Structure formats: C-alpha cells, structure tokens
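Engineer: quick one, fold the following:
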Amino acid sequence: MKVWFYWDCPYCGSMIQGKHRECPHCAAPIPNNVRYMPPDDPRVIRALKEGKVILNEDAEIHVDEKGIRSEVVKKEEERTGENWLCDSCGAQNPATVPTCIGCGAPKGGKTYFNQTENWKREQGTPRMEPVSMPVRPNIQIRPVLNPFAIFRSKLFKLLLAAVILIPLLMWLFKPVERKAEVVGFRWERSIAVEKFTLSHESGWSTPSGARVTKMSEEIHHYDQVVDHYETKTRQVAHQVLDGYDTSYKDLGNGQGEVVQTPRYRTEYTTETYQEPVYRSVPVYQTKYYYDIDKWVHDTDLRTSGAGQEPYWQETDIPASVSNPSYGDRRQGARTEHYYVSLKDQDNEKYETEFKYSEWQGLSIGDKLSYQSFRFSKRPINEITVE
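Structural biologist: All right, here's what the predicted structure looks like:
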C-alpha cells in the first residue's frame, strides 16, 4: 500500500501533501532540496494535531496500531520512479517528465536520493518569516570520528596480542648459542633379565599358546534398559503474533510504501511428557582362565661410573634360549645413557646427556660450542670442539 509523504513549507509552516508542488496556503514553490517526511515523522504528527496538514476530503485514511494517520494514495495517482533534479535550476521533477517543469532544461542524472542531507532541520528551530526566499547554505555534515574507538575494537586487540605473542614465542624457541668447558663424565648401563615361567591369567579371549583351565559365564558389562516412564511437566516457549510494526519506505516522489513487519511475543505453556527411567542389566560373556608359558621381567643388571670407560656387567645369562624350561633366564633389552659435566662462561656447572658417538670423542678441558633451546642445555645440533 502506498501513502502520501509530506514536505514542510519554510514560509507559512504548513505541512503539504507530496503531490503538491506549491503550498496551497502561500503559493510558495516546493524547495529544490526538499526531503519528503513520512507520516510517523514527529513534525507531521504535530502538524496533524495542530490542523496544519491539508488533507483531501475524499482521502482514505490508514491508521496503524500506534495511531499514526496517513493518506492512502489512489490507484490513479500512484507514481513510478523517483524524482529527478534539474542540473540547471535544481527543481524536482517527476520521473516521467523529460524536461524540467521550472526551466525547460533536459533531464539530467541527478536524482532525489543522491542529493545531500542539507534538508534536515532540528525540531524547535524558528521558521523563516515570509519576507524573502534566501537560499539555504549547502553545508555537508560529516560524522565526527572518535580516534580512540579503534583501541576498543576486537580486531585491534587480536593484532595487539599477535604483536606481543609472536615475538615472545620466537624468543622462547630460538636456539641459543652456548659455550662450555668439559670438566667430567658419567655413564649408566643396564641389561634387563627375563625369566621363563608359568603364568596364570584370565581374559575374554585366549592368546596363542594358552591352555584353558576354566571357563565361566561372568558379567562383561551393563546395558541401560528402559524400566518404566515417569510423567513430568515442563514450560514450553511459543512465539505468538503480537501485531505489526509499521514503517515507511521513501519512494523519492512524494509517496511512500507502507512496510508491515510482524512482531511476536513469547508465551509459555505447560506440557506433560514421559521421561524414561533406566535400569542396569548385566550382560554375560564367557571368561577364560588359562595357563601360558612366557618370558617376564625378573631383574636388571646395572653398571655406572665416572670417566669414559663404560662396560656392561659380566654375566653368564645367555642372550637367547631355545626350548626354554621353567626357571630359565635370558638377557632382554639393553639401555645406556652418557652424561657430560660442563662449566659455562660464568663458572656454573651443569650436566647434560650426549649421544655416545659424541660423548666418547670428548676429553677433559675441551671447549665446546653448540646450540640448545633457551630453557634447556641439551645440544640440538652437532657439537663443535674449539
């Protein structure tokens, strides 16, 4: 539905329907830089109360939920397209007119919606006296930018965090050059010893070589099964149409489109529902008890010492056993660690672990140069002996 918009006569103060190009009261022409006002504009509402709006006697009046009155545009008076502004005299002309009504100049490219915002007038400003027709100054109002607003934005905070965090991480993980003097050595070696024995075990399946001694149906796990239902209540929210909010779309030709936006309210209703109550039901499976021959860890043969002459503990325990019997023993995995005692440039002593190939090639008094992470003194690259 289309309704009439209004313009404000700057000389007699009348509120004029958008179809008029001249004020019916004082015959003043419509200002070139006029902007049409919708029916819900406070100035229009006030003018209606004061009887300063000229309405058609046979006009259809639309009243919205807020009591805002507007004149409905008749079908034969509906306009298409926005007004265009004459490049020569600045007068507004209907979209269907090829030449300016005021001066006869041909239609240009300037339209109603691309004119400046100088038309706005603050409420309460005294109206011009009907003496002369001065031209309003073309002052373009620009928004004042707050230079401190950027510091409160999320993007700025993210950038600030990145600026601080990235250099910090680079500093933490950047390799550090270290220089130290060798002042001592230490080593540790260990041989795991395994024993062949009969092991009594159980499980839900049997490994290869197992000899089952017993089978039993036992609880493997519990399933949750619905036992019954309980009736309960809850509050359920529903969106209910509460009415329509009316707004007006400016068509740029003295008319506007009525826009109805639905408005909803939240209502709550109580509903009952069935909530399941569960019980645990045991699930049985066959559990196997079995004997199995296997190698298990028995002890460790450890050696350690200072210097650079590491050795493994002498033992007559074989490395492998074929056709083992209960009680037989064999050697298992071997582990070894090699440490170097160092003194840095500040005479601070510390110990760090080296690879055996590097450890055995060092001597007391060697000056070392290597890289490590900032909070670790363990080498992360090849060691240079100066």
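
Engineer: sheet-wise, list the partners of the one helix or strand Met215 maps to with their directions.
Structural biologist: Using DSSP states H and E, Met215 maps to strand 211-250. Applying DSSP bridges, strand 211-250 is found paired with strand 255-306 (antiparallel).

Engineer: the partner strand: how far from the chain's middle?
Structural biologist: In terms of CA atoms, centre = their mean, to the nearest Å, the centre of strand 255-306 is set 27 Å apart from its chain centre.

Engineer: neighbouring strands of the helix or strand following it in the sheet, and parallel or not?
Structural biologist: Scanning forward in sequence from strand 255-306 by DSSP H and E, the next helix or strand is strand 329-344. Take DSSP bridges as the rule and strand 329-344 pairs in its sheet with strand 176-203 (antiparallel), strand 349-354 (antiparallel).

Engineer: which of the residues in strand 329-344 are buried?
Structural biologist: Buried residues in strand 329-344, counted by 16 or more other CB atoms under 10 Å: Arg329, Arg330, Gln331, Gly332, Tyr338, Tyr339, Val340, Ser341, Leu342. Every residue, glycine included, has its C-beta placed from N, CA and C.

Engineer: who does the last one bridge with?
Structural biologist: The residues paired with Leu342 through beta bridges, assigned by DSSP bridges, are Val182, Tyr350.

Engineer: what distance do you get for it to Arg378?
Structural biologist: The gap separating Leu342 from Arg378 is 11 Å, by CB to CB, to the nearest Å.

Engineer: in this protein, where's the longest helix?
Structural biologist: helix 154-173 (DSSP state H).

Engineer: chain center to that one: distance?
Structural biologist: Remark: helix 154-173 is offset 18 Å from the chain centroid, using CA atoms, centre = their mean.

Engineer: per-residue pLDDT, Ala27?
Structural biologist: Per-residue confidence (pLDDT) for Ala27: 87.

Engineer: likewise Tyr248?
Structural biologist: 92.

Engineer: again with Asp245
Structural biologist: Asp245 carries a pLDDT score of 88 in this model.

Engineer: what's the neighbour count on it?
Structural biologist: Residues near Asp245, counting by other CB atoms under 10 Å, number 13.

Engineer: likewise for His62?
Structural biologist: When neighbours are counted by other CB under 10 Å, His62 registers 15.

Engineer: for it, grab phi and psi.
Structural biologist: Main-chain torsions, His62, degrees, to the nearest 10: phi -100, psi 130.

Engineer: so what's it bridging to?
Structural biologist: Bridge pairing for His62 (DSSP bridges) gives the partners Ser70.

Engineer: hmm, Met1 and it touching each other?
Structural biologist: Yes: taking contacts as CB atoms under 8 Å, His62 lies within contact range of Met1: 7.0 Å.

Engineer: common neighbours of these two, please.
Structural biologist: Jointly contacting His62 and Met1 under the rule CB atoms under 8 Å, 6 or more residues apart in numbering are Val72, Val258.

Engineer: ok, for Ser247, nearest residue in space, not its chain neighbours?
Structural biologist: Val259 (4.7 Å; CB to CB, 6 or more residues apart in numbering).

Engineer: residues contacting Val73?
Structural biologist: Shown in contact with Val73 (CB under 8 Å, 6+ apart): Lys2, Val3, Trp4, Gln255.

Engineer: what residue of the protein is the furthest out?
Structural biologist: Relative to the centre of the chain, and counting by CA atoms, centre = their mean, the farthest-placed residue is Asp316 at 67.0 Å.

Engineer: tell me the bridge partners for Thr299.
Structural biologist: Val193.

Engineer: one step back: now do the same contact list for the residue nearest to Ser247.
Structural biologist: With CB under 8 Å, 6+ apart, Val259 has these contacts: Thr246, Ser247, Tyr248, Lys249.

Engineer: what do you get for Glu177?
Structural biologist: Glu177 makes contact with Ser369, Gln371 under the criterion CB under 8 Å, 6+ apart.

Engineer: mind running it again at 6 Å?
Structural biologist: Gln371 (CB atoms under 6 Å, 6 or more residues apart in numbering).

Engineer: please report the distance of it from Lys349.
Structural biologist: For Glu177, the distance to Lys349 equals 19 Å [CB to CB].

Engineer: to Pro42, which of the strands paired with strand 329-344 lies closest?
Structural biologist: Closest approach to Pro42 among the strands paired with strand 329-344 (CB to CB): strand 176-203, 71.4 Å.

Engineer: tell me the buried residues in that closest one?
Structural biologist: In strand 176-203, counting by 16+ other CB under 10 Å, buried: 178, 180-182, 185-187, 189-191, 193-196.

Engineer: ditto for stretch 258-267
Structural biologist: Result for stretch 258-267 [16+ other CB under 10 Å]: buried residues Val258.

Engineer: just the C-alphas of it, formatted as CSV.
Structural biologist: Output of stretch 258-267 as CSV, limited to C-alpha atoms (Å, rounded to 0.1, in the frame of the first residue of the first chain):
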residue,chain,number,x,y,z
VAL,A,258,3.9,1.0,3.9
VAL,A,259,6.0,-1.8,5.3
GLN,A,260,4.4,-4.1,7.9
THR,A,261,6.9,-6.1,10.0
PRO,A,262,5.3,-8.8,12.1
ARG,A,263,6.0,-8.5,15.9
TYR,A,264,6.0,-11.5,18.2
ARG,A,265,5.7,-12.1,21.9
THR,A,266,6.8,-15.1,23.9
GLU,A,267,4.1,-17.1,25.7
